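Trainee: Next input, structure requested:
(2 chains)
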Amino acid sequence: MPERREPLLPLALERVGFVAGGRAILDHVDLELAAGPRTVILGPNGAGKSVLMRICHGLLAPTSGTVRWAHPERPGEPRRQAMVFQRPVMLRRSVLGNLTFALAVAGVPHYERESRAFAALGRVGLGAFAYRPARVLSGGEQQRLALARAWMLEPEVLFLDEPTANLDPGATREIESIVQSIHASGTKIVMVTHNLGQAQRLGDEVLFVERGRIAERAPVERFFRHPATAEADAFLKGELPWH
Amino acid sequence: MNTLGLAFAEAWSMIGRADPKLLEIVSLSLRVSLSAVVVATLLALPFGAALAVTRFPGRDALVVVVNALLGLPAVVVGLAVYLLLSRAGPLGAFGILFTPAAMVVAQAVLIFPLVAALARQAVADAWREYAEQFRSLGAGPVASSLALLHDLRFSLVTIVLAAFGRAIAEVGAVMIVGGNIDGVTRVMTTAIALETSKGDLPLALGLGIVLLAIVLVLNVAAHLLKERAQRGHA
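Mentor: Purely as a prediction, here's the structure:
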């Protein structure tokens, strides 16, 4: 078992900017994310939500500003944060093989991999699917598998980029309940969603992103009841503030 | 029966009775081309995969060169390898010119760009889909490349089959570096060229039929693999 590790969180972004193709996607973002509350990122399309999360997770490097973790991961060490994407990416091998691959990458010794993978499948209700090719599972099942893969690595932070955008209500409920369990097991949740109901069910606090800036940050209840900014108010009313 | 009919009948009868001369030539062809495919694949698959997933200055130029070499004329490869292996050439000390080893080298050089370019394309397409997930998991370049190659195994086998088809059917390169020496470096294609010009049609036709059959079998195998890949793994 790994030795006690120093916590990754809090994460601090200072004056983070991201420019792509001459367009500023993010502009002077200052943000601190601490362990504990489930953070939901809301905002209109193209506001920079996904880019913000990718910068946090290290998939994109900011073009200006700094991203600082309390105790950053070192290159070559197993990752202590995970991400689940809108469209799950599965290897062309069995469900079990997808999990043991991730465990191998994380440096888990061979003899532990199968038992940990089976435990992870059990937690998301996919135990019976272990030997099926992962790519023939339904969208909802694949997303549960993606959650199992992330959860199994016991990340300190889990980023979710619209994990239920392509799913029907039933599958969405299953995903939400798994995210709750992951949070209950001690993982910080940071999620982008377009589903306002989901934001209220799963979120403790809201980050409202608009035109590359964090326009508002508030506890969920307050954000939905009394948004502090006109943009957030318009967004919640389904208006299009940029028109 | 006319001459052509007689030649065909004799050709089939050579195949039917497993004529030793025919067998010898077919067997050398298979050995040379299989060896060339093994050598070229071992070098070109990792090379193509690396070209797809790494970024370095000059990478794009290298991709263009590899793609351009796809259309490499076999005789030019033969000439280049001939110059390299000839007594005065930089690799002349090995003394392998006019041996099957030289033919393996020439065919490996010929099909290296084919395997590398097609493998690069396949890996690059998959990489676009997988890159973020791999980086999110913390998989390094080696683990990522191996996982990609494994995921693409069916397409890669198809590529290798195509490369084998190109190797066994080419005539220019093996003719130049092998010399078409009877019993030593005579393969199906060079034998067909020679026997046809000599007028020994039955042997040429017999070899032609065997060559066609091999290419046909390769294509059927490639087709079946593709079907299987699409059925089993969506």
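Trainee: isn't A:Gln198 right next to A:Ala165, touching?
Mentor: No. Contact criterion Cβ atoms under 8 Å: A:Gln198 and A:Ala165 do not qualify, at 10.2 Å. Placement of C-beta: from N, CA and C, glycine included.
Trainee: Run the chain-centre distance for the helix or strand hosting A:Ala150.
Mentor: Using DSSP states H and E, A:Ala150 maps to helix A:139-152. Taking Cα atoms, centre = their mean, to the nearest Å, the mean C-alpha location of helix A:139-152 is offset from the chain mean by 12 Å.
Trainee: name the helices or strands packed onto that helix?
Mentor: In this structure, helix A:139-152 makes packing contacts with strand A:81-84, helix A:95-105, helix A:110-123, helix A:169-184, judged by 3 or more Cβ pairs under 8 Å, 6 or more residues apart in numbering or on different chains; DSSP states H and E.
Trainee: Pull out the buried positions in that helix.
Mentor: Neighbour counts using 16 or more other Cβ atoms under 10 Å in any protein chain shown place A:140-152 of helix A:139-152 among the buried residues.
Trainee: Format the CA atom coordinates belonging to that helix as CSV.
Mentor: These are the backbone C-alpha positions of helix A:139-152, laid out as CSV (Å, rounded to 0.1, in the frame of the first residue of the first chain):
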residue,chain,number,x,y,z
GLY,A,139,-23.6,4.6,-23.6
GLY,A,140,-24.8,4.6,-20.0
GLU,A,141,-22.9,1.4,-19.2
GLN,A,142,-19.7,2.8,-20.7
GLN,A,143,-20.0,5.9,-18.7
ARG,A,144,-20.5,3.8,-15.5
LEU,A,145,-17.4,1.9,-16.6
ALA,A,146,-15.5,5.2,-17.0
LEU,A,147,-16.6,6.1,-13.5
ALA,A,148,-15.5,2.8,-12.1
ARG,A,149,-12.1,3.2,-13.8
ALA,A,150,-11.7,6.7,-12.2
TRP,A,151,-13.0,5.7,-8.8
MET,A,152,-10.9,2.5,-8.6
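Trainee: which is the next helix or strand following that helix?
Mentor: strand A:157-161.
Trainee: Can you list the strands that that next one pairs with?
Mentor: Here strand A:157-161 has these sheet partners by DSSP bridges: strand A:81-84 (parallel), strand A:188-192 (parallel).
Trainee: how far out from the middle of the chain is that strand?
Mentor: Taking Cα atoms, centre = their mean, one finds strand A:157-161 lying 1 Å from the centre of the chain it belongs to.
Trainee: Next, the angle helix A:139-152 makes with it.
Mentor: For strand A:157-161 against helix A:139-152, the angle by axes from the mean of the first three to the mean of the last three Cα atoms, to 10 degrees is 160 degrees.
Trainee: What average pLDDT does strand A:157-161 get?
Mentor: Averaged across strand A:157-161, pLDDT comes to 97.
Trainee: Quick check: the gap between A:Pro44 and A:Ala232.
Mentor: Separation of A:Pro44 from A:Ala232 (Cβ to Cβ, to the nearest Å): 11 Å.
Trainee: So is the helix or strand containing A:Ala12 next to chain B?
Mentor: Using DSSP H and E, A:Ala12 maps to strand A:11-20. No. Using Cβ under 8 Å from any Cβ of the partner chain, strand A:11-20 stays clear of chain B, coming no nearer than 15.4 Å.
Trainee: Tell me what angle the helix or strand just after that strand forms with strand A:157-161.
Mentor: Counting by DSSP H and E, the next helix or strand C-terminal to strand A:11-20 is strand A:23-33. Angle, strand A:23-33 to strand A:157-161, by the same axes, to 10 degrees: 150 degrees.
Trainee: Could I get the buried residue list for strand A:23-33?
Mentor: In strand A:23-33, counting by 16+ other Cβ under 10 Å, buried: A:24-27, A:29, A:31, A:33.
Trainee: Farthest pair within those residues?
Mentor: Spatially, the most separated pair among the buried residues of strand A:23-33 is A:Ala24 and A:Leu33, at 21.9 Å (Cβ to Cβ).
Trainee: helices and strands around the longest helix along chain B, which ones?
Mentor: Secondary structure of chain B per DSSP state H: the longest helix is helix B:100-137. Other helices and strands packing on helix B:100-137, by 3+ Cβ pairs under 8 Å, 6+ apart, are strand A:81-84, helix B:20-53, helix B:59-68, helix B:74-85, helix B:141-151, helix B:153-169, helix B:172-178.
Trainee: which one of those lies closest to B:Ala9?
Mentor: helix B:20-53 (14.8 Å).
Trainee: Any part of the closest one near chain A?
Mentor: No. Judged by Cβ under 8 Å from any Cβ, helix B:20-53 stays clear of chain A, getting no closer than 15.1 Å.
Trainee: And that helix, how far out from the chain middle?
Mentor: Offset of helix B:20-53 from its chain centre (Cα atoms, centre = their mean): 5 Å.
Trainee: try stretch B:195-204
Mentor: Computed by Cα atoms, centre = their mean, the chain-centroid distance of stretch B:195-204 equals 25 Å.
Trainee: again, but for stretch A:14-27
Mentor: 21 Å.
Trainee: how long is that stretch end to end?
Mentor: 11 Å (Cα to Cα, to the nearest Å).
Trainee: ok, now stretch B:82-91?
Mentor: Terminal residues of stretch B:82-91 lie 10 Å apart, using Cα to Cα.
Trainee: How about stretch A:148-165?
Mentor: First residue to last in stretch A:148-165 (Cα to Cα) measures 18 Å.
Trainee: can you state the direction angle for the longest helix of chain B and helix B:20-53?
Mentor: Relative orientation of helix B:100-137 versus helix B:20-53 (the same axes, to 10 degrees): 30 degrees.
Trainee: buried stuff in helix B:100-137?
Mentor: Buried-residue list, helix B:100-137, by 16+ other Cβ under 10 Å: B:100-124, B:126-127, B:130, B:132-137.
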